[in-house]
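J.: got a structure for you, letters missing:
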Ligand code: XUL
Ligand code: CO
């Protein structure tokens, strides 16, 4: 069998002292952290779109990346060969999962029937490759944003036929995800949003989006798909106003339209920061409401205001992410999908390995650091203590809803002014995190 990465063997864990750029220094798949293997905590996935379809184009420039296996055509042959490339890459990297959009893996045909047939053909090969490699599908999704027919949106298009087209594409993508044993199915809004209030009926668009989700769920149930549905918030890009702006907007939509039992959230770092939030904020917000389902691991650039989708290497970021994930006991059936791309100047196939190794090591370190912080317990104890006035007495009554404004007024009049506030100790706690980094 042809090899597409001849200069790379299976990536091994060599420990923190290793200077080998093609080895893990922290990601040791079987190592147990808080009673679970690193693999199980992290559930890494490679994304098909950036890793096997990215070619280095940007709005100002042509493709730059050297991908010797790719003949540059949108043929089925090329797509089928790419499956071999992908599975060699993922096997050598040692990731348990991958994710794709329908149009990443198979070319769009000249009719929807032809597109479905292309997808089926590639899915047959993906299924064999999954079987022989043991690599599984974390999630599938449909690309409802690239084709010009979706310029005004898909489920939120003003054109009902476009809605129908998107529905047909999603039905097929759910089918294929199910056939491949996918553990989740993702809905990222793509162009579900708008550019101008003057031409938009927001109420109808949101109603349509909800109808779309309910129908997708009905279909998934009807074929026995047991995977988790996930919504992926993103505030802007491509549209100016995306309906799935952030975790809070998504949750409001999900609640309003009776979808709480149907869908959880897939939170992405660069989307969180585009929304003016930290990743930790978005994760915590979703987690406390029981809807943190999965993450797209990447990072933005503070100096660039768009979705740069860089590989995560910042240990503070991964520590913060893992603190929230560990607090909620993991992500299963979700995982950590590297929705990240190499820079267009990182042109060699081997750069894909450096990028993923770095991301996986950054997360493994974040996991170990978060576990150490949790073991010492200073952070949790501090926060617990900070709210201890709600553990008994009047605070307890406030929390369990057994008091009223009248009672609180008499209470505080009798007690007098509240005691002086305690310090928030932010700097001390930041220093504490630094002790572990
Ligand atoms: C776009 C993005 C998507 C989703 C899947 O910013 O993150 O790739 O993850 O559609
Ligand atoms: Co994403």
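T.: On my side now, so go ahead. Keep in mind it's a predicted model, so treat the numbers as computed, not measured. Numbering: from 1, shown residues only. Ligands and ions are numbered 1, 2, ... in the order given.

J.: what's the local residue count around residue 226?
T.: 11 (other CB atoms under 10 Å). Yep, even glycine has a C-beta here, placed from its N, CA and C like the rest.

J.: taking the chain, what residue is nearest to ligand 1?
T.: Residue of the chain nearest ligand 1, by CB to the nearest ligand atom: residue 188 (3.4 Å).

J.: please name the nearest non-neighbouring residue to that residue.
T.: Spatial nearest neighbour of residue 188, excluding adjacent residues (CB to CB, 6 or more residues apart in numbering): residue 232 at 3.9 Å.

J.: residues in contact with the one you found?
T.: Each residue near residue 232 by CB atoms under 8 Å, 6 or more residues apart in numbering is listed here: 186, 187, 188, 189, 244, 265, 266, 267, 268, 271, 296.

J.: low pLDDT regions in this protein?
T.: 1 (pLDDT under 70).

J.: if we use 90, what do you get?
T.: For the chain, applying pLDDT under 90 flags the ranges 1-2, 305.

J.: what residues does it put near ligand 1?
T.: Residues of the chain lying close to ligand 1 (CB under 6 Å from any ligand atom) are 49, 101, 141, 186, 188, 232, 234, 268, 296, 307, 339.

J.: show me those residues that map onto helices.
T.: Among the residues of the chain next to ligand 1, DSSP state H puts none in helices.

J.: of these, which ones also sit close to ligand 2?
T.: When contact is defined as CB under 5 Å from the ion, those meet ligand 2 at 268, 296, 339.

J.: excluding its backbone neighbours, what's nearest the first one?
T.: Same thing as residue 268. Excluding the flanking residues, the one nearest residue 268 by CB to CB, 6+ apart is residue 296, at 3.5 Å.

J.: tell me who's in contact with that neighbour.
T.: Residue 296 makes contacts with 47, 232, 266, 267, 268, 269, 271, 337, 338, 339, as judged by CB under 8 Å, 6+ apart.

J.: kindly recompute the last result at 6 Å.
T.: 268, 337, 339 (CB atoms under 6 Å, 6 or more residues apart in numbering).

J.: just confirm the second one is within a strand.
T.: If I follow you right, that is residue 337. Yes: assigned with DSSP: H, G, I helix; E, B strand; the rest coil, residue 337 falls within a strand.

J.: list phi and psi for the residue lying closest to it once chain neighbours are set aside.
T.: Closest residue to residue 337 apart from its sequence neighbours, by CB to CB, 6+ apart: residue 45 at 4.2 Å. Main-chain torsions, residue 45, degrees, to the nearest 10: phi -130, psi 140.

J.: buried stuff in stretch 109-128?
T.: 115, 116, 118, 119, 121, 122, 123, 125, 126 (16 or more other CB atoms under 10 Å).

J.: in which helix or strand does the second one reside?
T.: Applying DSSP states H and E as the criterion places residue 116 in helix 112-133.

J.: please enumerate the strands of the chain.
T.: Ranges of strands in the chain, per DSSP state E, are 12-13, 23-24, 32-33, 36-37, 44-47, 97-101, 136-141, 184-188, 193-194, 228-232, 241-242, 263-268, 292-296, 336-338.

J.: the stretch 201-350 of the chain against ligand 2: which residues are in contact?
T.: Selection of the stretch 201-350 of the chain residues close to ligand 2 by CB under 5 Å from the ion yields 268, 296, 339.

J.: grab the nearest non-local neighbour of the last one.
T.: If the residues on either side of it in the chain are set aside, residue 339 comes closest to residue 296, at 3.7 Å by CB to CB, 6+ apart.

J.: residue of the stretch 101-250 of the chain closest to ligand 2, please.
T.: Checking the stretch 101-250 of the chain residue by residue against ligand 2 with CB to the ion singles out residue 232 as nearest, at 5.4 Å.

J.: burial check on residue 74, number of neighbours?
T.: Applying other CB under 10 Å, we find 13 residues neighbouring residue 74.

J.: what residues does it make contact with?
T.: Contacts of residue 74 (CB under 6 Å, 6+ apart): residue 107.

J.: what do you get if the cut-off is 10 Å, keeping everything else the same?
T.: By CB atoms under 10 Å, 6 or more residues apart in numbering, the contact set of residue 74 is 103, 106, 107, 108, 109, 118.

J.: same deal with residue 167?
T.: Residues near residue 167 by CB under 10 Å, 6+ apart: 142, 144, 154, 155, 211, 212, 215, 216, 219.

J.: can you tell me how far it is from residue 108?
T.: 16 Å (CB to CB, to the nearest Å).

J.: again, but for residue 310
T.: If you go by CB to CB, the gap between residue 310 and residue 108 works out to 28 Å.

J.: before we move on, back to that, need the strands of the chain in TSV with distance to residue 323, can you?
T.: Shown next, in TSV, are the strands of the chain (distance: least, CB to CB, whole Å):
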stretch	distance to residue 323
strand 12-13	23
strand 23-24	22
strand 32-33	13
strand 36-37	16
strand 44-47	18
strand 97-101	22
strand 136-141	22
strand 184-188	23
strand 193-194	31
strand 228-232	21
strand 241-242	27
strand 263-268	14
strand 292-296	13
strand 336-338	14
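
J.: to residue 374, which of those strands lies closest?
T.: Proximity to residue 374 (CB to CB) singles out strand 32-33 among the strands of the chain, at 10.0 Å.

J.: what does the closest one contact?
T.: Under the contact criterion CB under 10 Å, 6+ apart, strand 32-33 has outside partners 38, 40-42, 322, 326, 364, 367-368, 370-372, 374.

J.: next, count neighbours for residue 352.
T.: Look at residue 352: counted by other CB under 10 Å, it has 25 neighbours.

J.: what does residue 30 give?
T.: When neighbours are defined as other CB under 10 Å, residue 30 has 9 of them.

J.: residues in contact with it?
T.: For residue 30, the contact set (CB under 10 Å, 6+ apart) comprises 13, 37, 38, 39, 40.

J.: residue in the stretch 301-437 of the chain nearest to ligand 2?
T.: residue 339 (3.7 Å).

J.: verify the stated contact: residue 267 with residue 294.
T.: Yes: using CB atoms under 10 Å, residue 267 is in contact with residue 294, at 7.7 Å.

J.: more neighbours: which of the two?
T.: Shown here are residue 267 and residue 294; by other CB under 10 Å, residue 267 has more neighbours (32 against 28).

J.: find the nearest non-adjacent residue to the more buried one, please.
T.: Excluding the flanking residues, the one nearest residue 267 by CB to CB, 6+ apart is residue 282, at 4.9 Å.

J.: show me this protein divided up by domain.
T.: What automatic domain parsing lists as the domains of the chain is 27-376, 380-436.

J.: give me the neighbour count for residue 408.
T.: Neighbour tally, residue 408, other CB under 10 Å: 13.
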